[in-house]
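S.K.: Give me a 3D structure for the following:
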Amino acid sequence: MNYRTADILPLVTLDDVRGAQKMLSGVARVTAMEGSRHLSRLVGAPVQLKCENLQRTGSFKLRGAYVRIAGLLPEERAAGVVAASAGNHAQGVALASSLLGVHATVFMPRSAPLPKISATREYGAEVRLHGQVVDETLAAAQEYAAATGAVFIHPFDHPDVIAGQGVVGLEILEQCPEVRTVVVGVGGGGLAAGVAVAVKGLRPDVRIVGVQAAGSAAYPPSLEAGRPVSIEHPVTMADGIRVGRPGAVPFGLVRDLVDEVRTVSEDALSAALLLCLERAKLVVEPAGASPVAALLSDPHAFEGPVVAVLSGGNVDPVLLQRVLRHGMAAQGRYLAVRLRLPDRPGALATLLGVLSVADANVLDVSHVRTDPRLGFTEAEVELHLETKGPAHCAEVDQALRDAGYTVID
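M.R.: Sure thing, here's the model as predicted:
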């Protein structure tokens, strides 16, 4: 590795990424690039999806973990490695260690989804559950490293990890040589930094856009301050990019090589995940869908051809169900209404008939007769409906009012 004299931080180079590519040959998949007609129409230019959600272990994390562990000295390998993660990094370290014959201990929070815990064990790691949040788990892993001599494998703040992730950028240029913009999710910054090193090293004219969840966006204030700064209590459904402070090593590379860092809302993340599932037939976790969320939020801001990196697909089924509901609601495909109707036999059936004619699918009905706000002959009904979009929601609302129902806003 080369070093910057100004801040004594290692500088990852294009040669480092090329070396990582050779090391990963036969280990990491060269993931597919899939075109999206729907996104291309929105953007007004070709949009390609780089499907790291189809990588081994379900995310790009295997790349960096393997390069980092493969670079250890024999005595370091003998001491084993340790990591802390709620999901993707855990699985990447587990498989990389197994492939290299190194013992891995992975600390995971007790709140980690069971499928991710099971997968990490199946890839060969010893899993220890500790704490409720990743910060507590991280502290436990670092204590374990200090006590045992195991090498701590950081998820993003190491040059070897960044070089491994940068191979994604080399593949993008090989698969889509005409690319003009690369959009990539940003958490700690390892993937964005690596991709930027690779792409800018070969094609400095290509624009690199990073994307963060608005509730967990540590890079904009850090870039403004000129140094990594922390944000308190980062909140987002996109746990893969829920990082409260940029890594020191990737920060310098992102600052120098990434052209812009955008933020996206939770509604945009939900809509993006739903679009990937419905239109591209790809299961993508919220963090992996963040570049698509950026395209949906401001489609005309990106010069094409565009490559959006789908960084991972390890989404807990329970979370997926919740996010899909949220995404459908954000697109106006759910409608919740409360209304008053006469409390007499057949009144509810008549109401449901109106909704049937309006072609609204009833998902849930709550029927209240005993609320003190109601008159003696009144009942209140709350309905959750599946609709076809905002225009259909307005049609259903108008149909109810035309039928004489009092809709409570």
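
S.K.: Just to check, His158 is in contact with Ala248?
M.R.: No - using Cβ atoms under 8 Å, His158 is not in contact with Ala248, being 10.1 Å away. Bear in mind the C-beta positions are built from the backbone N, C-alpha and C, glycine included.

S.K.: Out of these two, name the residue with the larger neighbour count.
M.R.: Neighbour totals were compared for His158 and Ala248, and His158 leads with 22 against 15 (other Cβ atoms under 10 Å).

S.K.: Find the residue closest to the one residue sitting closest to the centre of the chain in space, skipping its chain neighbours.
M.R.: Geometric centre of the chain, nearest residue: Ala287, 0.7 Å, by Cα atoms, centre = their mean. In space, and not counting its chain neighbours, Ala287 is closest to Gly240: 2.9 Å by Cβ to Cβ, 6 or more residues apart in numbering.

S.K.: ok, that neighbour touching Leu269?
M.R.: No - using Cβ under 8 Å, Gly240 makes no contact with Leu269, being 10.9 Å away.

S.K.: and for the two, which residues touch both?
M.R.: Common contacts of Gly240 and Leu269, defined by Cβ atoms under 8 Å, 6 or more residues apart in numbering, comprise Pro286.

S.K.: who's more crowded, the two?
M.R.: Taking neighbours as other Cβ under 10 Å, Gly240 and Leu269 compare with Leu269 leading, 33 against 28.

S.K.: how about the strand or helix carrying that one: buried residues?
M.R.: Per DSSP states H and E: Leu269 is located in helix 266-278. By neighbour count with 16 or more other Cβ atoms under 10 Å, helix 266-278 contains the buried residues 266-277.

S.K.: That one packs against which elements?
M.R.: Applying 3 or more Cβ pairs under 8 Å, 6 or more residues apart in numbering; DSSP states H and E, we find helix 266-278 packed against helix 290-297, helix 317-330.

S.K.: Any chance of TSV for these, columns mean pLDDT, mean neighbour count and distance to Val396?
M.R.: Listed next are the helices and strands packed on helix 266-278 as TSV, based on pLDDT from 0 to 100; neighbours: other Cβ atoms under 10 Å; distance: least, Cβ to Cβ, whole Å:
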stretch	mean pLDDT	mean neighbour count	distance to Val396
helix 290-297	96	27	25
helix 317-330	74	16	15
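
S.K.: got CSV for these, with distance to Ser118 too?
M.R.: Shown next, in CSV, are the helices and strands packed on helix 266-278 (distance: least, Cβ to Cβ, whole Å):
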stretch, distance to Ser118
helix 290-297, 26
helix 317-330, 13
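
S.K.: neighbouring contacts of the helix holding Leu269?
M.R.: For helix 266-278, contacts defined as Cβ under 8 Å, 6+ apart pick out 38-39, 49, 213-215, 236-238, 264, 282-286, 289-290, 292-297, 310, 315, 320, 323-324, 326-331.

S.K.: Excluding chain neighbours, what is closest to Leu341?
M.R.: Leu341 sits nearest to Ala347 (Cβ to Cβ, 6+ apart), 5.0 Å away.

S.K.: Tell me how many other residues crowd the one you found.
M.R.: 15.

S.K.: now the helix holding Leu269, how far from the centre of its chain.
M.R.: 10 Å (Cα atoms, centre = their mean, to the nearest Å).

S.K.: relative orientation of it and helix 290-297 in degrees?
M.R.: Calculated by axes from the mean of the first three to the mean of the last three Cα atoms, to 10 degrees, helix 266-278 forms an angle of 110 degrees with helix 290-297.
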